[in-house]
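# When you get a sec, could you give me coordinates for this:
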Amino acid sequence: MRDITGIFQSVCVTQPRGICVWRATEQDDIKELKRQLKIQSHQVDQIKEELAFKDALVTKVSMDRVGVEKEMENLKARQLHTVFQTTSTFLFHE
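Below is the predicted model of the structure:
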């Protein structure tokens with residue numbers, strides 16, 4: 001960005017119409033800053049949306065994993081129970 005005080009001193013003090021030139025330059029700078037702010041605000045909004053989507057995805061995957069782990073524990077318990085029953089049945093029939 002331009003050095004506004006330097007522009008003001010060199011243009012506005014030496015020329016009567018310098019104030020108009022300085023204000024036009026200042027307005028151009030303000031327009032450019034507003035444009036950049038709008039772009040950056042849009043980028044921030046996009047990043048927030050992407051982060052919310054990924055957060056929801058991580059939560060879903062995590063919940064799915066917990067469900068699979070519980071299912072595995074249940075299957076192991078059923079397998080042990082079946083093995084125990086088979087062993088008990090085998091021992092009693094001998």
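
# what residue is smack in the middle of this protein?
Leu51 (2.7 Å; Cα atoms, centre = their mean).

# secondary structure element for Asp45?
helix 18-93 (DSSP states H and E).

# Now do that helix: which elements does it pack against?
Here helix 18-93 touches helix 4-7, going by 3 or more Cβ pairs under 8 Å, 6 or more residues apart in numbering; DSSP states H and E. All C-beta atoms are positioned from the backbone trio N, CA, C, and that covers glycine.

# quick one: average pLDDT of stretch 26-39?
Average pLDDT, stretch 26-39: 92.

# what about the protein, any weak spots by pLDDT?
Along the chain, the model assigns pLDDT under 70 to residues 1-22, 90-94.

# what about 80?
Low-confidence segments of the chain (pLDDT under 80): 1-24, 87-94.

# could you measure the residue nearest to the centre of the chain against Leu37, distance?
Leu51 sits 21 Å away from Leu37, going by Cβ to Cβ, to the nearest Å.

# Tell me how many other residues surround Lys31.
10 (other Cβ atoms under 10 Å).

# Ok, Glu50 next?
Around Glu50 there are 10 other residues, counting by other Cβ under 10 Å.

# now it: how far from Gln43?
10 Å.

# now swap in Lys34 and tell me
15 Å.

# Count residues in the vicinity of Thr82, would you?
The burial count for Thr82: 10, using other Cβ under 10 Å.

# Tell me how far the helix holding Asp45 lies from the chain's centre.
Its chain's average C-alpha position is 9 Å from that of helix 18-93, according to Cα atoms, centre = their mean, to the nearest Å.

# Report how many residues lie close to Thr59.
Count around Thr59 with other Cβ under 10 Å applied: 10.

# measure it to Gln46 for me?
Taken as Cβ to Cβ, the span from Thr59 to Gln46 is 21 Å.

# Same check on Ala24?
According to Cβ to Cβ, Ala24 and Gln46 sit 33 Å apart.

# and if you look at Glu26?
Taking Cβ to Cβ, one finds Glu26 at 31 Å from Gln46.

# Those two: which is more packed in?
Glu26 (14 against 10).
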